[in-house]
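[1] Can you look at this prediction? I've put the sequence above it.
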Amino acid sequence: MGLRELELGGILFSPMLVFALLALVVTGVLRRGIHWAGLTRWIWHEALFDCALYVCVLATIVAVLG
């Protein structure tokens with residue numbers, strides 16, 4: 001994909017927007033998997049964990065696709 005702008009209906013979108021939305025979806029799937037596996041009892045602060053997980057997923061997506 002690279003770091004090229006995406007055009008949709010004459011509007012240019014930053015690739016970071018696409019990466020952020022993709023990271024949000026992946027984080028949601030991972031979060032549901034963690035909850036389903038019963039690992040949430042090991043999480044001390046869930047909001048902080050969610051934020052850190054999102055940042056890690058976003059960094060991975062940018063490193064792989066960027």
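    Happy to help now that I have it.
[2] Okay, and L12 sits in which element?
    strand 11-13 (DSSP states H and E).
[3] In its sheet, which strands sit next to that strand, and in what direction?
    Using DSSP bridges, the strands paired with strand 11-13 in its sheet are strand 6-8 (antiparallel).
[4] what comes up buried for the helix or strand hosting T27?
    Using DSSP H and E, T27 falls within helix 15-36. By neighbour count on 16 or more other CB atoms under 10 Å, the buried set for helix 15-36 is P15, F19, L22, A23, V26, T27, R31, I34. All C-beta spots, glycine's among them, are computed from the backbone N, C-alpha and C.
[5] Not counting its own residues, what contacts the strand holding L12?
    For strand 11-13, contacts defined as CB atoms under 8 Å, 6 or more residues apart in numbering pick out E5, L6, E7.
[6] Same question for stretch 27-46.
    F49, D50, L53, Y54, V57.
[7] same question, stretch 52-66
    Contacts for stretch 52-66 (CB under 8 Å, 6+ apart): 1-3, 15-16, 19-20, 22-24, 26-27, 30-31.
[8] No more questions from me, cheers.
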